[in-house]
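**Q** got a structure for you, letters missing:
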Ligand SMILES: Nc1ncnc2c1ncn2[C@@H]1O[C@H](COP(=O)(O)OP(=O)(O)O)[C@@H](O)[C@H]1O
Ligand SMILES: [Mg+2]
């Protein structure tokens, strides 16, 4: 029972990160029908810049509370990722908007490889450890352990998702984003600048992704140039699980995938008589992805999205 | 009165297919003009070009004294040019109210003003009011057309382009919609009405152009065209 609760808690933390990253995939797909495979790399860049900033601040001898230092670093890294995504869309995807689906998809994969290699040139191939600006303290919760950092991750994730919900459902920009997702041509007739809406979608997705990247790196205590690849694929799986194109689907899919993965990792040893260990955890996201694609391609909350792909 | 719209030798192509083969027409301020013609004549293509959705390959469009090409697509509606597209084009996954709000997207006046206009639309079409928070995609065709017209009116247009507002609707709904269109014209909005229902269009408007195969073949006073033998044969089924 304690293992169960522990794995659920771990899963919620993991899932919070997946959900935030999945939102970036699903928002972009919802508007332009593109699977932006470079999104995972934006997440990685967010984590790496944050680490660099924290390292720099500590070298400068800045003496401030850890949370403040972290926020300062993120005030640089998150906007940097938003700018990166803005130019990525403008330079790489916009010229291909009317091209066949395959062209932007291949471009996305290309950008992802370029970003990964650039990151390796800047930060090296190895792990960068996340400076311990925050004192991580374990907290006992009904026999299971959760850290203050993990609680913060879940709270921030929930706040970001509520914020996004408000933006999409209640603001003029959000309504224009939804209108553009339904019908670009007619949205244009309303005086909505489609280019602006698409840029904003990339930028918002990148902002959420960068925050998720920091969460992931802080929770694991490290990051590297490859972290975006696997995290991106899993978050993409989460988006598909929830129904790609559907924002609430991405939130639900992310959390669910985190919990599934964590539970599976906790019990895989017992289930296979010790044959497979918890390091096989990564395969579950893809098992889920395959099952969804086979049995319910539109995902949990998706409707009629399959026709777009 | 001055011309709100002047079109000279307009040519529009879809790749190799030339859909509009050099048409010239004008609309005066405050007029109601009909554009009629058989399926495939090029009516929708003409309206889409006027609304900036298609780029002409030749000719000239002057809107309120300015070349249309000098106005950015998303600024057209700010300049008072609105289109009710063929097939309505409502935002199905947005509520009725949200659709109306999108119609007012380009407006910069206060929220209260916009809300007052939404209420005015609800007064014209009480059916929309009952469905204010319903997803627009779940409404009937007639209700969607009412919404499409209301949404266009929310932008406070000077020139309203309507593409087959009667298409696929029951006669009683068509009546209501045309009643509204006449009211809108009375309020000073200039109208270009595309219709396959030629009789209704000619009865509603003051002047008309007849299109065939991407060209304007006839033009003149709507009432005269209504009694023109060639028009009666070709478009009124008499
Ligand atoms: N997207 C398109 N691609 C190619 N040809 C088109 C397209 N849309 C319309 N056409 C052609 O252009 C001509 C005019 O069409 P349209 O303007 O829709 O006519 P109408 O509205 O009068 O029925 C038709 O021959 C039609 O087949
Ligand atoms: Mg048509």
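**A** Here it is on my side, so go on. Because the structure is a prediction, the values reported are computed rather than measured. Ligands and ions are numbered 1, 2, ... in the order given.
**Q** find the closest residue to ligand 2 in chain A.
**A** The nearest approach of chain A to ligand 2 comes at residue A:185, 14.4 Å away (C-beta to the ion). For every residue, glycine as well, the C-beta is placed using N, CA and C.
**Q** ah, wrong one, I meant chain B
**A** Nearest residue of chain B to ligand 2: residue B:44, at 3.2 Å (C-beta to the ion).
**Q** now for the strand or helix carrying that residue, which elements pack on it?
**A** Using DSSP states H and E, residue B:44 maps to helix B:43-50. In terms of contacts (3 or more C-beta pairs under 8 Å, 6 or more residues apart in numbering or on different chains; DSSP states H and E), helix B:43-50 is packed against strand B:3-14, strand B:17-28, strand B:32-37, strand B:58-63, strand B:81-84, strand B:159-163, strand B:190-195.
**Q** so what's residue A:25 up against?
**A** A:35, A:36, A:39, A:205, A:235, A:236, A:239, A:244, A:250 (C-beta atoms under 8 Å, 6 or more residues apart in numbering or on different chains).
**Q** check for me that the second one belongs to a strand.
**A** No: the assignment for residue A:36 (DSSP: H, G, I helix; E, B strand; the rest coil) gives coil, which keeps it out of a strand.
**Q** do you know how far the residue of chain B closest to ligand 2 is from residue B:158?
**A** 21 Å (C-beta to C-beta, to the nearest Å).
**Q** how about the helices in the stretch 1-150 of chain A?
**A** Taking DSSP state H, counting those that start in this stretch as the criterion, the stretch 1-150 of chain A contains helices spanning A:2-32, A:39-59, A:66-88, A:102-123, A:148-170.
**Q** how about those, which one is nearest residue B:193?
**A** helix A:2-32 (33.0 Å; C-beta to C-beta).
**Q** by how many degrees do that closest one and helix A:102-123 diverge?
**A** 120 degrees (axes from the mean of the first three to the mean of the last three C-alpha atoms, to 10 degrees).
**Q** tell me which element the residue lying closest to residue B:122 once chain neighbours are set aside is part of?
**A** Distances taken as C-beta to C-beta, 6 or more residues apart in numbering or on different chains put residue B:129 closest to residue B:122, at 3.6 Å, once the chain neighbours are dropped. Residue B:129 belongs to helix B:126-130 when assigned by DSSP H and E.
**Q** tell me the buried residues in that helix?
**A** Neighbour-count burial for helix B:126-130 flags B:127, B:128 (criterion: 16 or more other C-beta atoms under 10 Å in any protein chain shown).
**Q** so where's chain B shaky on pLDDT?
**A** Scanning chain B for pLDDT under 70 picks out B:1, B:238.
**Q** change it to 80
**A** Applying pLDDT under 80 to chain B picks out residues B:1, B:235-238.
**Q** ditto for chain A
**A** Scanning chain A with the threshold set as pLDDT under 80 gives A:1, A:274, A:276-279, A:302-309.
**Q** closest to the centroid, which residue in it?
**A** Chain A has residue A:21 as the residue nearest its centroid, 1.2 Å off, counting by C-alpha atoms, centre = their mean.
**Q** what sits against it?
**A** A:39, A:40, A:43, A:208, A:209, A:212, A:213, A:231, A:232, A:235, A:238, A:254.
**Q** and if we set it to 7 Å?
**A** By C-beta atoms under 7 Å, 6 or more residues apart in numbering or on different chains, the contact list for residue A:21 reads A:43, A:209, A:212, A:231, A:232, A:235.
**Q** isn't the last one right up against residue A:18?
**A** Pointing back at residue A:235 there. Yes: using C-beta atoms under 7 Å, residue A:235 makes contact with residue A:18 at a distance of 5.0 Å.
**Q** residues shared between the contacts of those two?
**A** residue A:254.
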